[in-house]
Structures are given as C-alpha cells and as structure tokens.
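what's the 3D shape of this:
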Amino acid sequence: MDAPAFSDVEVNPNQRLSSVLLNEFNYFPWSRAVSLALGGRSKIGYVNGAIEAPVITSSTYELWLRKDQLVMSWLLNSTEIAEIFSYSESSMHLWKQVKEMYGNQNNVARVFQLKKNLASLQQGSKTFVQHLGSLTNMWNELDVYRPHTTDATVLIKRAKEDKIFQLLASLGPEFEDLRSHILMNAELPSFTGVCAIIQREEVRRKVMNQETKDSVSETRAYVSSNKRPEGKVYKGKRPDLKCSYCDSLGHIKDRCWILHTELKPKFLKETKGPEIKGTQKYLNNNSYMANHAATLSTEGMVNFTTNPAALINDFAAYLYSK
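So this is what the prediction gives:
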C-alpha cells in the first residue's frame, strides 16, 4: 500500500497555525508566529510567492490547488476576522490583503496599550510562570514595534511619545474618545499640541454642560409658568380658591362642606349640632369672634369648647336660636 501523500496534521483544514489569533492590533506578532508555523510545514512558499501557481491546464495544478486551499484554511482559522478575507483567491492573495490592511497601519495605539498593560499588570492568582509568560509576551510584542536602536533621533522621539502616553493614560474616562482620536493619528502631535487639544476639549465640555443646564432651567421655568392650577398639589388650603356659597377661601362651591355634608371628614361628621348657610363666613371673621366672646358666654351658651368642630356646631345653634 502506498504511503499517504500528506500526514494527518497536514490534511486537517480546521487546524490553527498559532495560538495568536489575528485582530486589529497584533499583526506583527501574528505574522511572525504564522510564518514560523508555515515554514515548519514547508508551506511558507505558498504565501510569499516562492511556490507559484502552475497553469490551470497543468497536471500539477490540482495538487497545488489542494495544498494552497489547505494553507488558506489554516490562515482563516488563525484569525478573529476571517469573514473579511474569506473570499480571497489564494493563500498568497489573503496574506497580502492582511498585510495591506494591518501591516502598514500606525502602531502608536498598540504601543500605548502595551505600555499601559505592562504598568498595571499584577500577578493576581496566576503562578509565577504564568505571570512571567504574560510579561514576556508583551515585552516581545513591544520589541517588534520598537526594535532596539542606538539612533539618538529615534530614542528622543520615543521619549517624547512616552510622556504623551503617560499623560493620556492619566486622563479620566470622559476623555476616552479624545484619547483614541489622538492615538489614531498617523503621527502623534507634540506634547504641547496634545495639552492644547485636551484643554480645548475641557473648555468645550464646560460650555456644553452650562448650555445643557441653562436649557433645563428654561424648560422647567416654562413648564412651571404654563402649568394649569388644577394640576398643582397643595398641602392645606388653596389661597387662590373662594367658595361662592359661604365666601370662604381654600375651596369652591362644589367642595363646600356646608353645602355637601357628605364631603365632610369623618371626625367632623361625628360632632353634633345643626349647620346652616353662612356659618363659615362668620367663623372666619376673627375680630367678630374676639368682640363677642364675652356676650356668648354671658347669654348662657352651654358646653362651650375649644374644639373647632364642636365650636362650629355650637355657634351655629346659637345663631339659629336668634
């Protein structure tokens, strides 16, 4: 029996080439890991063009196509964004598309994130080996973006960038959008320029907040001035109402207890004595009550009490007797 042309590993289209999956920020470490994996399988030539596609009529075309599609499956399985490249014509075409989209982009944002993560990383519940592995991965990725150099110009530029990174990392969460906007520039502004941008944003926020407060205050004032009196909630009597039946303030004729005894509170219904029209009008006149208090007592009013409800009924009975 002939030996199989491919091992089980080589013919598995669901295999991943690396534990590092491609996303928007890690092209360089991903491309290095995938290149090593393809080189170890003697398939790197399919993505770098060293193994060219034969003419479609060639007897070797079918074998080449089989291997190329296998490599393309591995590449797609090694990304988090496979749907973007799923219709690539070949593995080399896919490789070039990924490089054009992510390999030439500005990596300032990724450097900032790596430095921020390194500064805040804690061991937590990880073992020392796991913790060291996390640090090493970030150090290695940072070395890809910032390879070692003795060029004074490059070193000075990196030192200025680090100051900007520290400044942006110290900003509050309300500046997240501004921070992202600055980091996505093709070239970082100068430190002074970044400070000016942040100050302008702070002033803009203050102005917008003040305008919002003023708008809310105007809206509340408008609602208050145009609100119907019937919609107001009062605690106690309403001074804007006057009863046309007893001429008293605080209610209207439809709510008058004298005219509508069924509206009287329970504690007043339990008192005894007749109620007549005009009683409340006289009771509201404090000067009248003060001037005639002695007369009421000398003319034989019985059971005079300081209870307001009983006083109303007693005084009504007195007036009725007159």
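
quick check: residue 88 touching residue 69?
No: the pair residue 88 / residue 69 is not scored as a contact, 10.4 Å apart, by C-beta atoms under 8 Å. The C-beta positions use only the backbone N, C-alpha and C, and glycine is treated the same way.

looking at the two, which is more packed in?
residue 88 (17 against 14; other C-beta atoms under 10 Å).

neighbours of the residue nearest to that one when sequence neighbours are not counted, how many?
Residue nearest to residue 88 in three dimensions, not counting chain neighbours: residue 94, with 3.7 Å by C-beta to C-beta, 6 or more residues apart in numbering. For residue 94, the count of nearby residues is 23 (other C-beta under 10 Å).

which residues touch residue 94?
47, 72, 75, 76, 85, 88 (C-beta atoms under 8 Å, 6 or more residues apart in numbering).

wait, the third one touches residue 15, no?
No: Residue 75 is beyond contact range of residue 15, at 10.7 Å (criterion: C-beta under 8 Å).

mind showing which ranges of the chain have poor pLDDT?
1-11, 104-106, 211-238, 265-322 (pLDDT under 70).

and the biggest strand by length in it, which strands flank it?
Secondary structure assigned by DSSP state E gives strand 238-242 as the longest strand of the chain. Here strand 238-242 has these sheet partners by DSSP bridges: strand 249-250 (antiparallel).

how far away is residue 120 from residue 193?
From residue 120 across to residue 193, the span is 26 Å (C-beta to C-beta, to the nearest Å).

ok, now residue 160?
Residue 160 is 11 Å from residue 193, by C-beta to C-beta.

strands along the stretch 1-150 of the chain, start to end?
With DSSP state E, counting those that start in this stretch, there are no strands along the stretch 1-150 of the chain.

okay, helices next: where are they in it?
Per DSSP state H, counting those that start in this stretch, the stretch 1-150 of the chain carries helices over the ranges 27-40, 45-48, 61-77, 82-85, 91-98, 108-120, 128-145.

can you lay out the ones you listed as JSON lines showing distance to residue 261?
Output for the helices of the stretch 1-150 of the chain, formatted as JSON lines (distance: least, C-beta to C-beta, whole Å):
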{"stretch": "helix 27-40", "distance to residue 261": "88"}
{"stretch": "helix 45-48", "distance to residue 261": "98"}
{"stretch": "helix 61-77", "distance to residue 261": "87"}
{"stretch": "helix 82-85", "distance to residue 261": "80"}
{"stretch": "helix 91-98", "distance to residue 261": "89"}
{"stretch": "helix 108-120", "distance to residue 261": "76"}
{"stretch": "helix 128-145", "distance to residue 261": "84"}
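
residue 202 is nearest to which of these?
Within the helices of the stretch 1-150 of the chain, the stretch nearest residue 202 is helix 108-120; the backing value is 20.6 Å (C-beta to C-beta).

residues in contact with that closest one: which ones?
Contacts for helix 108-120 (C-beta under 8 Å, 6+ apart): 25-26, 135, 138-139, 141-142, 145-146, 161-162, 165, 168-169, 180, 183-185, 188.

again, but for stretch 170-184
With C-beta under 8 Å, 6+ apart, stretch 170-184 has contacts from 106, 108-109, 112, 164, 168, 188-189, 194, 197-198, 201, 205.

using JSON lines, lay out the residues you listed together with distance to residue 40 and neighbour count.
Shown next, in JSON lines, are the contacts of stretch 170-184 (distance: C-beta to C-beta, whole Å; neighbours: other C-beta atoms under 10 Å):
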{"residue": "106", "distance to residue 40": "32", "neighbour count": "13"}
{"residue": "108", "distance to residue 40": "33", "neighbour count": "19"}
{"residue": "109", "distance to residue 40": "32", "neighbour count": "17"}
{"residue": "112", "distance to residue 40": "33", "neighbour count": "22"}
{"residue": "164", "distance to residue 40": "40", "neighbour count": "20"}
{"residue": "168", "distance to residue 40": "40", "neighbour count": "20"}
{"residue": "188", "distance to residue 40": "38", "neighbour count": "19"}
{"residue": "189", "distance to residue 40": "43", "neighbour count": "13"}
{"residue": "194", "distance to residue 40": "44", "neighbour count": "18"}
{"residue": "197", "distance to residue 40": "47", "neighbour count": "15"}
{"residue": "198", "distance to residue 40": "48", "neighbour count": "17"}
{"residue": "201", "distance to residue 40": "50", "neighbour count": "16"}
{"residue": "205", "distance to residue 40": "54", "neighbour count": "13"}
